[in-house]
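S.K.: Would you be able to build a 3D model of this:
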Amino acid sequence: EDPRQARLTHLLGKTTVTVAPPSWPEIGLTYSRGSWSTSLEPIGVMPQRTNWDSVDASLSFSRPTWNASVSSSFSSNVDLLRSSAQTIGLGHAVSASYRLTNSLTFNPTVSLRRDRQEWSGVHINIPSTSLAVTYKTGDSFIFTATGAYTESQSSDGLVDTNTITATSIVSQIPNASAQNFPC
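M.R.: Next comes the predicted model:
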């Protein structure tokens, strides 16, 4: 309702195929196609018209106390307002989950993404790592703490950022048989 804000339209189509034969790793393949565009841009707001395609592949292993996943993605973003300028992205990630006890779980993730702007030759490297620790108290509460570190650096030196994120969450399990505490 605010005329000072642009309207954003985002369309997304996605198809996923997962194969999980018994005693074998799970294999996943996803194709996504989408677009986003703005309309009613107020003065000073840059319009956006972008189409994108991506293909993601993953291989996951599961055991009673742990699971691990390796994934890769390829994406192509086309900026329709900049002479169809294209950015190609390639990313890889490794993630795991290890249940030390029935109450304590660790989830580390490491990823690397590289985007290349085809029109300028500039590439941006985006490595990141995170660790989530979850503790469940019987059947009443779940405590989750997450820490993450991400860098973004471009080959032309215009992008050079580091981000550190820390999050903590306390969740009450619905219908817990323990005493009901307000959160």
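S.K.: Look up the closest residue to Leu12, ignoring the ones flanking it.
M.R.: Once flanking residues are discounted, Leu12 sits nearest to Gly34: 4.2 Å by C-beta to C-beta, 6 or more residues apart in numbering. (Glycine included, C-beta is placed from N, CA and C.)
S.K.: Could you say which helix or strand holds the one you found?
M.R.: Here Gly34 sits within strand 26-39, counting by DSSP states H and E.
S.K.: roughly how far out does the next helix or strand after that strand sit from the chain middle?
M.R.: Going down the chain from strand 26-39, the next helix or strand is strand 49-62, by DSSP H and E. Distance, stretch centre to chain centre, for strand 49-62: 10 Å (C-alpha atoms, centre = their mean, to the nearest Å).
S.K.: Likewise for stretch 10-28?
M.R.: 16 Å.
S.K.: Which strand residues bridge Gln117?
M.R.: Thr87 (DSSP bridges).
S.K.: hang on, the earlier thing: which strand residues bridge the residue nearest to Leu12?
M.R.: When bridges are called by DSSP bridges, Gly34 pairs up with Leu12, Trp52.
S.K.: just for the chain, where's the confidence low?
M.R.: Low-confidence segments of the chain (pLDDT under 70): 1-5, 42-45, 176-183.
S.K.: try 50 this time
M.R.: Scanning the chain for pLDDT under 50 picks out 177-178, 181, 183.
S.K.: From the contact counts, what lies against the strand holding Gly34?
M.R.: Applying 3 or more C-beta pairs under 8 Å, 6 or more residues apart in numbering; DSSP states H and E, one finds that strand 26-39 makes contact with strand 7-19, strand 49-62.
S.K.: Give me whichever of the ones you listed is most buried.
M.R.: strand 49-62 (a mean of 15; mean count of other C-beta atoms under 10 Å).
S.K.: continuing past that one, what's the next helix or strand?
M.R.: Past strand 49-62, the next helix or strand by DSSP H and E is strand 66-79.
S.K.: what comes up buried for that following strand?
M.R.: For strand 66-79, the buried set under the neighbour-count rule, 16 or more other C-beta atoms under 10 Å, comprises 67-69, 71, 73, 75, 77-79.
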